[in-house]
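Student: 3D model of this:
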Amino acid sequence: MPAHPAGLGVLGCCLNTQPTMTTMSDRKHQLQQTPDIITALTREGVLIHVSVRYWRGCRKLDAPDLGIEPGQVNARLVSLGHKRLLPKETLAPLALIEGRVHALVDNNTFSFLGGLARFMPNGRIADVQSALAQFEREFQQARQQFLNQYQHNRDTALREWTDMAQRLSSDPDQLIHTIQQSYPPAHKLEKTFGFDVRMFQVSAPQDISLQMLDLGEQNAIAEARRLAANEASTRMRQETETFIAECVTTLRQQTAQLCDEMLASMQSGKTDGVHQRTLNRLSNFIDQFRQLNFAGDDAMEAQLEGIRRELLNRSAADYRQNHAAQQNLTRGLERMRDHARHLAQQDTRELVERFGQLGRRQLQLK
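Tutor: Here you go, the predicted structure:
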């Protein structure tokens, strides 16, 4: 069972998990020490980590399991690998949900600090939480169905393994015994399932508390800890600047890619050039871009809004009936693609600096 209902996690600090008593003056002091760009990032979104866990139904077979002497297997060339204890289709519903969950998170977030977590802009939080809650309900249903059918599927698989063991192993009884021992009891199996969502705030490292140290140790260790915290804070600021620049570039590249895919779809021409799904995809992308654009890429967002006004004021049927309008759509998408590619190659330092100034202005209001 998930630790938090409806797929919601806890809101905490990504780099300081120790509980502390913080006064308002202490908090103000911490905010003043926090690099401006990290303060701005904290305001614009949260970190999210999603884990979907279930029993994978596999067992790694060693050479003795197949009645083979270990020396007969060249480990450099041959890997016996994992073998399924249950047919693939019995776990397919759970695997499908897991894939859809990860796709949802990946499509609405940005990889942060080398994949440590995913950064989700505020504009996507409500929709993602709602979708995760639905996926969790589906996961719990699939989990219960799997557990209800576990004994039956286990017995069926064992019969198939018994037939196959005669062909796989020189000691089929030993192989079947190994397979039988690999199935966990049903009551233990339940503990392998979990649907967990955790949300965290981005926070720069602060000076580490010395309250738990003896007085004699404090002076000796305080300076080393202060330097470590400062170094970590500086490194995090640098990585955050790189992260924001990469987010801007990624969204610009995705804009160009979308235009390319739309143009290719129109040229393939299953519906005389323009399908309503193609136009809807562009409209949805513009909406999502605005929600993901936490870094304030006004240039790209303005271009997309211009495309919405210019090209999305007609239906696909109207475009198919008007050759001149269809040509205008093609030219507009080509311009958008080329402009997005051009922006994706530009230096984003000015935009990153402007984003950091948002954090500075926030501090001045405290």
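
Student: residues contacting whichever strand or helix holds residue 48, please?
Tutor: Secondary-structure assignment from DSSP states H and E places residue 48 in strand 45-53. By CB atoms under 8 Å, 6 or more residues apart in numbering, the residues outside strand 45-53 that reach it are 9, 11, 14, 94, 97-98, 101-102, 105, 109, 112, 117-122, 125, 128, 132, 139, 192-202, 294. C-beta coordinates here come from the backbone N, C-alpha and C atoms, glycine included.

Student: tabulate the CA atom coordinates of that strand in PDB.
Tutor: What follows is strand 45-53 as a C-alpha-only set of coordinates in PDB (Å, rounded to 0.1, in the frame of the first residue of the first chain):
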ATOM      1  CA  GLY A  45       8.100  24.200  -8.900                       C
ATOM      2  CA  VAL A  46       8.900  21.100  -6.900                       C
ATOM      3  CA  LEU A  47      11.000  18.000  -7.300                       C
ATOM      4  CA  ILE A  48       9.100  14.800  -7.700                       C
ATOM      5  CA  HIS A  49      10.100  11.100  -7.500                       C
ATOM      6  CA  VAL A  50       7.700   8.300  -8.400                       C
ATOM      7  CA  SER A  51       8.300   4.700  -7.700                       C
ATOM      8  CA  VAL A  52       6.100   1.800  -9.000                       C
ATOM      9  CA  ARG A  53       7.100  -1.500  -7.400                       C
END
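
Student: partner strands of that strand, parallel or antiparallel?
Tutor: strand 117-121 (antiparallel), strand 194-201 (antiparallel) (DSSP bridges).

Student: select, out of those strands, the one closest to residue 156.
Tutor: strand 194-201 (26.3 Å; CB to CB).

Student: distance from that closest one to the middle of the chain?
Tutor: Here the centre of strand 194-201 is set off from its chain's centre by 11 Å, with CA atoms, centre = their mean, to the nearest Å.

Student: ok, and for that strand, which residues are buried?
Tutor: Residues 195-201 are the ones in strand 194-201 that count as buried (16 or more other CB atoms under 10 Å).

Student: can I get the residues you listed in JSON lines with distance to residue 325?
Tutor: Shown next, in JSON lines, are the buried residues of strand 194-201 (distance: CB to CB, whole Å):
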{"residue": "195", "distance to residue 325": "48"}
{"residue": "196", "distance to residue 325": "50"}
{"residue": "197", "distance to residue 325": "45"}
{"residue": "198", "distance to residue 325": "49"}
{"residue": "199", "distance to residue 325": "45"}
{"residue": "200", "distance to residue 325": "48"}
{"residue": "201", "distance to residue 325": "48"}
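
Student: reformat the residues you listed as CSV; add distance to residue 38 and pLDDT.
Tutor: Output for those, formatted as CSV (distance: CB to CB, whole Å; pLDDT from 0 to 100):
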residue, distance to residue 38, pLDDT
195, 30, 97
196, 26, 95
197, 23, 94
198, 20, 92
199, 17, 91
200, 13, 88
201, 10, 84
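
Student: check the residues you listed against residue 40 and report the nearest one.
Tutor: Distances from residue 40 to those, taken by CB to CB, are shortest for residue 201, at 12.8 Å.

Student: separation between the nearest residue to residue 253 once chain neighbours are set aside and residue 106?
Tutor: Closest residue to residue 253 apart from its sequence neighbours, by CB to CB, 6 or more residues apart in numbering: residue 344 at 4.9 Å. Separation of residue 344 from residue 106 (CB to CB, to the nearest Å): 19 Å.

Student: between those two, which one's more packed in?
Tutor: residue 344 (18 against 11; other CB atoms under 10 Å).

Student: go ahead and confirm the more buried one touches residue 256.
Tutor: Yes. Counting by CB atoms under 8 Å, residue 256 is a contact partner of residue 344 at 6.6 Å.
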